[in-house]
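# Sequence first, then the predicted structure, then my questions.
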Amino acid sequence: MIAKMDVNDLSTFSVAADRPGSNLAAMDLKDFEEAMAHVCHDLTEFGWANLSVLDYVPPELIPALMAEVRQLHSEGSMKEAGIGRGANHSRDRSIRRDRIVWLKGDTEPQAALFQFLELVRMDLNRLLFLGLSRFEAHYASYESGDFYRRHIDSFKGRRSRIVSMVLYLNDQWQSQDGGMLRLFNRDSPDEICGTVLPEAGRMVLFMSEEMPHEVLTAQRTRYSLACWFRQDEVPIPL
């Protein structure tokens, strides 16, 4: 659940690098850094940004993550998510209906994912001077009829979750399948400023304390992973 990576060589990463027959992929850091510069510009100007990562991660990664979360969902390993934290944590299906499981980086797909998330953390710090020290991430599944009503990821001034990220894993997702992420203008909260289709490889980042957002009702099972880049060093109980 809690990650602070010490990566000695981030010039490349791959899924199943030690297995014969693996289709290894190198990541072009220069191209990714240029893409992250655009992302950071949009985070500053608008409070949110989105990017397809399919050109920057190994082609095996998104399908491998999808296969893993689908198996966890089918096995019943994912638990109904709640709202609030610590003593204020509760479950309310009128607000939130997804299921989640926290990631530890202890499978091959998760290990490759964590390397990618570490690159994102480093670029956010390099370009925006945010002082992000670690990240946490979980898988999420929304079955048909599930949603997550409008909310903000972190209370103003808490300075724990600073940047939120969602990475979508769904192949051939169409608008009629629902489940879109809807974001609201941080300066005019009744104004919709973005609606994102949860298609495979689409990454959305937004400022955790500033951007109201919601997940619209899914019409078929929808898979994603959520990540928060944090400034605090000591984990806060979930």
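Good, I have the coordinates.
# Now Glu80: phi and psi?
Note on Glu80: backbone dihedrals following degrees, to the nearest 10 are phi -60, psi 130.
# How many neighbouring residues does it have?
11 (other Cβ atoms under 10 Å). C-betas here are computed from N, CA, C, even on glycine.
# ok, now which ones touch it?
91, 93, 97-99 (Cβ atoms under 8 Å, 6 or more residues apart in numbering).
# Please convert these to CSV, extending it with secondary structure.
Formatted as CSV, these follow (DSSP: H, G, I helix; E, B strand; the rest coil):
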residue, secondary structure
Arg91, coil
Arg93, coil
Arg97, coil
Asp98, coil
Arg99, strand
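# Pick out the lowest-pLDDT one from the residues you listed.
Of all these, Arg91 has the smallest pLDDT value, namely 86.
# next one: phi and psi at it?
phi -110, psi 130.
# Help me confirm that Leu124 is found in a helix?
Yes: counting by three-state DSSP, Leu124 is part of a helix.
# measure it to Lys30 for me?
17 Å (Cβ to Cβ, to the nearest Å).
# sorry, back to before: filter the contacts of Glu80 to the buried ones?
97-99 (16 or more other Cβ atoms under 10 Å).
# how far does stretch 193-204 stretch from start to finish?
13 Å (Cα to Cα, to the nearest Å).
# For it, buried residues please.
Applying 16+ other Cβ under 10 Å to stretch 193-204 flags 193-194, 196-204 as buried.
# Export those as CSV, with columns for distance to Phe46 and secondary structure.
As requested, the buried residues of stretch 193-204 are exported to CSV (distance: Cβ to Cβ, whole Å; DSSP: H, G, I helix; E, B strand; the rest coil):
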residue, distance to Phe46, secondary structure
Cys193, 7, strand
Gly194, 8, strand
Val196, 13, strand
Leu197, 18, coil
Pro198, 20, coil
Glu199, 21, strand
Ala200, 24, coil
Gly201, 21, coil
Arg202, 17, strand
Met203, 16, strand
Val204, 12, strand
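# any idea which of these is closest to Gln219?
Lowest distance from Gln219 to the buried residues of stretch 193-204 (Cβ to Cβ) belongs to Pro198, with 11.6 Å.
# which residues touch the closest one?
168, 170, 173, 179-181, 222, 224.
# low-confidence ranges in the chain?
Within the chain, the ranges that satisfy pLDDT under 70 run 1-27, 86-88, 157-159, 234-238.
# one step back: tabulate the contacts of Glu80 (JSON lines), appending distance to Gln231.
Conversion of the contacts of Glu80 to JSON lines gives the following (distance: Cβ to Cβ, whole Å):
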{"residue": "Arg91", "distance to Gln231": "28"}
{"residue": "Arg93", "distance to Gln231": "32"}
{"residue": "Arg97", "distance to Gln231": "30"}
{"residue": "Asp98", "distance to Gln231": "26"}
{"residue": "Arg99", "distance to Gln231": "28"}
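# Tell me how many other residues crowd Gln185.
That one is not Gln; residue 185 is Asn. Asn185, neighbours per other Cβ under 10 Å, totals 17.
# Would you agree it is in contact with Gly194?
No: at 9.1 Å, Asn185 does not count as touching Gly194 under the criterion of Cβ atoms under 8 Å.
# Which of the contacts of Pro198 sits closest to Gly76?
Out of the contacts of Pro198, the member with the shortest distance to Gly76 (by Cβ to Cβ) is Arg222, at 17.5 Å.
# Show me what that closest one bridges to in the sheet.
Here Arg222 sits in beta bridges with Tyr142, going by DSSP bridges.
# Return the residues in contact with it.
141-142, 146, 170, 173, 177-179, 198.
# What are the buried residues along stretch 142-159?
Applying 16+ other Cβ under 10 Å to stretch 142-159 flags 142, 146-148, 152-154 as buried.
# If anything else comes up later, I'll come back, but that's it for now.
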